[in-house]
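J.: Give the three-dimensional model of this entry:
(2 chains)
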There are 2 protein chains.
Amino acid sequence: MITLDLILPDTRYPIHIGRDLLEQVELLLPHLPLPKVAIVCNETVAPLYLARLQQALAQHRIESFSVVLPDGEQHKDWNTLNLIFDALLSRNAERKTTLIALGGGVVGDMTGFAAACYQRGAPFIQIPTTLLAQVDSSVGGKTAINHPQGKNMIGAFYQPKAVIADMSLLDTLPERELSAGLAEVIKYGLLGDAAFLGWLEENMPRLRARDPDALQHAVKRSCEMKADIVGQDEKEQGVRALLNLGHTFGHAIEAGLGYGAWLHGEAIGAGMVLAAAASAELGWLSSSDVERVRGLVAAAGLPVKSPRMPLTRWLELMSHDKKVEAGTIRFVLLQQLGRATIQAGLPSAILEKILDRNS
Amino acid sequence: MITLDLILPDTRYPIHIGRDLLEQVELLLPHLPLPKVAIVCNETVAPLYLARLQQALAQHRIESFSVVLPDGEQHKDWNTLNLIFDALLSRNAERKTTLIALGGGVVGDMTGFAAACYQRGAPFIQIPTTLLAQVDSSVGGKTAINHPQGKNMIGAFYQPKAVIADMSLLDTLPERELSAGLAEVIKYGLLGDAAFLGWLEENMPRLRARDPDALQHAVKRSCEMKADIVGQDEKEQGVRALLNLGHTFGHAIEAGLGYGAWLHGEAIGAGMVLAAAASAELGWLSSSDVERVRGLVAAAGLPVKSPRMPLTRWLELMSHDKKVEAGTIRFVLLQQLGRATIQAGLPSAILEKILDRNS
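T.: Numbering: from 1, shown residues only, chains lettered A, B, ... in the order given. Below you'll find the predicted structure:
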């Protein structure tokens, strides 16, 4: 097991990465103010892992109850969130009852947001069960639900007490979900570590074959980079925005097609290709750089072409991006492979051209 | 105009108290990152004050749009909150668009919570229009909506950028609302300032007659005490809980009768009488002390008797209080008039007796 620390001005917390961690309750114990937890899960993950976690907790005399949510991005909304609040109240959960998110990014985002709001703030712990959640969404305290008009529009910055990334849980992950997680891994290479990008190009077949060492390296390097960036800028006043590479386009795809049609990681894969293409139009990347990005996204099993939508629809969807400032959409683009930057606005001729060629 | 400062570890903000402040846009300007604001109001306040505020803003080239909510505690729920999110998104509000709460405690609590959640945190300003909001709820950053099973169960600690208490706005306040606000004023005397309590006993007729000097003194003293206590304990880890005097009983009344049947301040009035009676049962207050509390609550035009509910119902409702710890209800009681304390648990014989005599 490797343990990283995310260090923030007001708090710090461990990110444990390794195999067979789910039943290691001693990793949870230091973070539980009361011997009572609420486990939030979804209907796909619950049959696989919920009983194992509850039994392990019971052996340490930790009382637990579970809330099982429907699975999928289309359920990341208020109605589903309210299932958590209803359960917490009907089971008399207190302000110091810990919520545990046992699931992927949707479960993690909703559990974190429920914890942020329940009695104005209850503790929570992330046990991510997908690659995407392990490398990205479980770390850093971004929590949210979607609004029909925009992804993650309603949420909070609210940090977990610990993140436990049990790589063994990836053994049951569907291939499509594995690929979706690889999108966020590629993102880290592109935005800040050219050497890691090269490693990913070499090792993509091992990753897709779930080689444990390769996966662990990918999770560790991604979490290291995320912890470093979030540690510098918890509330996204500056550098943290770079973690949104591919996300301005990607969120527009998700909202435009209807949440759940594409997985988040799939939308980010296609979104990163668009970001690379736009960067080339600005003269920052060469066409062979763009081909490298496209090749790596394809090698991860992800779509390289976005769905076709009129430019006006893209602009409408992107106008609700959280990085918009004074009416201008701010894009995360690549100055070179391994170095991202923020670009305020893009000429619509460029947008039209890259969307035409990549959708 | 008097200006108090609420000083917190990470931020500070002014509380301006005076007459004719609504159109003094220069009080708002230092707190607006963009020349665009969303004003949240309700259907009672909007016809009285919304146009005046919007015109004053327009004269300073501040663009504004409004969201008018239904009036009343029964609307302090997710559906009404969502009206704010819908309006923000359809008007392309950004992360730095400031929300202004123009209304009473319900509008302030919901606007603050919407600001806390919109794009994970937008700035907001409180312009309280009721006495209750001016002396209590607009200050200190407690924001929330209700859940059918418990008052203010879903919310956030999220501070405004400024509070502007324009006493002139109280000229149109219905008498019942004025009395409700006086409940929170009495609370400050009871929990921490015996001299102020004496002043209130002397000046209650002036307050109910809306003598401007008396009202201003009551608002100022209440805000001073709240700013001092919140400054010591923003997230209610300790002393801030004392501000909940009367609220454990009061919230049970509100949820038990259905939100909106009694005004919040009315429930707090009856709740403070119960807290005083319980304190007498523990030998802390004399029966003449309890009579003073009852007399002052009555003099404010507030109910001194709680509605009749079975003890089991009281206990069920109070079990969702945010101060519950490890299954024990923690009551704010009075060691003497002017000094509050936290008491973990009360024998049910005492509860039964005080409820029987005061409902």
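J.: Chain B contacts on the stretch 51-200 of chain A?
T.: A:78, A:82, A:85-86, A:89-90, A:92, A:94-96, A:116-121, A:142, A:144, A:147, A:149-150, A:152-157 (CB under 8 Å from any CB of the partner chain). For every residue, glycine as well, the C-beta is placed using N, CA and C.
J.: Could you list which of those residues belong to helices?
T.: A:W78, A:N82, A:F85, A:D86, A:L89, A:S90, A:A116, A:C117 (DSSP state H).
J.: Tell me the one of those nearest A:L296?
T.: A:A116 (34.9 Å; CB to CB).
J.: Just confirm the closest one contacts A:A156, I think it does.
T.: Yes: at 4.0 Å, A:A116 counts as touching A:A156 under the criterion of CB atoms under 8 Å.
J.: which neighbours do the two share?
T.: The contact sets of A:A116 and A:A156 overlap at A:T143, B:A156 (CB atoms under 8 Å, 6 or more residues apart in numbering or on different chains).
J.: right, and A:L169 touches A:R19 too?
T.: No: with contact defined as CB under 8 Å, A:L169 does not reach A:R19; the gap is 9.2 Å.
J.: of these two, who's got more company?
T.: A:L169 (25 against 16; other CB atoms under 10 Å in any protein chain shown).
J.: what about the residue nearest to the more buried one when sequence neighbours are not counted, neighbour count?
T.: Excluding its sequence neighbours, the residue lying closest to A:L169 (CB to CB, 6 or more residues apart in numbering or on different chains) is A:T129, at 4.6 Å. Using other CB under 10 Å, A:T129 is surrounded by 29 other residues.
J.: how close does A:T129 get to chain B?
T.: 24 Å (CB to the nearest CB, to the nearest Å).
J.: now A:A300
T.: 28 Å.
J.: swap in A:A252?
T.: Taking CB to the nearest CB, one finds A:A252 at 14 Å from chain B.
J.: Confirm that that residue sits in a strand.
T.: No: applying DSSP: H, G, I helix; E, B strand; the rest coil, one finds A:A252 to be helix, outside a strand.
J.: A:M110 against A:V40, yeah?
T.: Yes: using CB under 8 Å, A:M110 is in contact with A:V40, at 7.1 Å.
J.: contacting residues around stretch A:175-182?
T.: Applying CB under 8 Å, 6+ apart, the set of residues contacting stretch A:175-182 is A:104, A:130-136, A:170, A:173, A:204, A:207-208, A:210, A:218, A:263-266, A:269, A:300-302.
J.: Now the buried members of those residues.
T.: Using 16 or more other CB atoms under 10 Å in any protein chain shown as the burial test, the contacts of stretch A:175-182 include A:104, A:130-136, A:170, A:173, A:204, A:207-208, A:218, A:263-266, A:269, A:300-302 as buried.
J.: For the residue lying closest to A:L34 once chain neighbours are set aside, give its distance to A:P123.
T.: In space, and not counting its chain neighbours, A:L34 is closest to A:K96: 5.1 Å by CB to CB, 6+ apart. According to CB to CB, to the nearest Å, A:K96 and A:P123 sit 7 Å apart.
J.: of those two, who's got more company?
T.: Using other CB under 10 Å as the criterion, A:K96 and A:P123 rank with A:P123 on top: 20 against 16.
J.: give the contact list for that one.
T.: Going by CB under 8 Å, 6+ apart, the list of residues near A:P123 reads A:H31, A:L32, A:P33, A:K96, A:T98, A:L99, A:A115, A:K161.
J.: do that again at 10 Å, thanks
T.: Going by CB atoms under 10 Å, 6 or more residues apart in numbering or on different chains, A:P123 touches A:31-34, A:37, A:95-100, A:115, A:159-162.
J.: Which parts of chain A are strands?
T.: A:2-7, A:12-18, A:36-42, A:63-69, A:98-103, A:124-128, A:142-147, A:150-157, A:163-166, A:330-336, A:339-344 (DSSP state E).
J.: I'd like the ones you listed laid out as CSV, including mean neighbour count, distance to B:D321 and mean pLDDT.
T.: Shown next, in CSV, are those (neighbours: other CB atoms under 10 Å in any protein chain shown; distance: least, CB to CB, whole Å; pLDDT from 0 to 100):
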stretch, mean neighbour count, distance to B:D321, mean pLDDT
strand A:2-7, 15, 33, 97
strand A:12-18, 19, 29, 98
strand A:36-42, 24, 17, 98
strand A:63-69, 19, 20, 98
strand A:98-103, 28, 19, 98
strand A:124-128, 28, 21, 98
strand A:142-147, 24, 25, 97
strand A:150-157, 22, 23, 95
strand A:163-166, 26, 31, 98
strand A:330-336, 21, 44, 97
strand A:339-344, 16, 46, 96
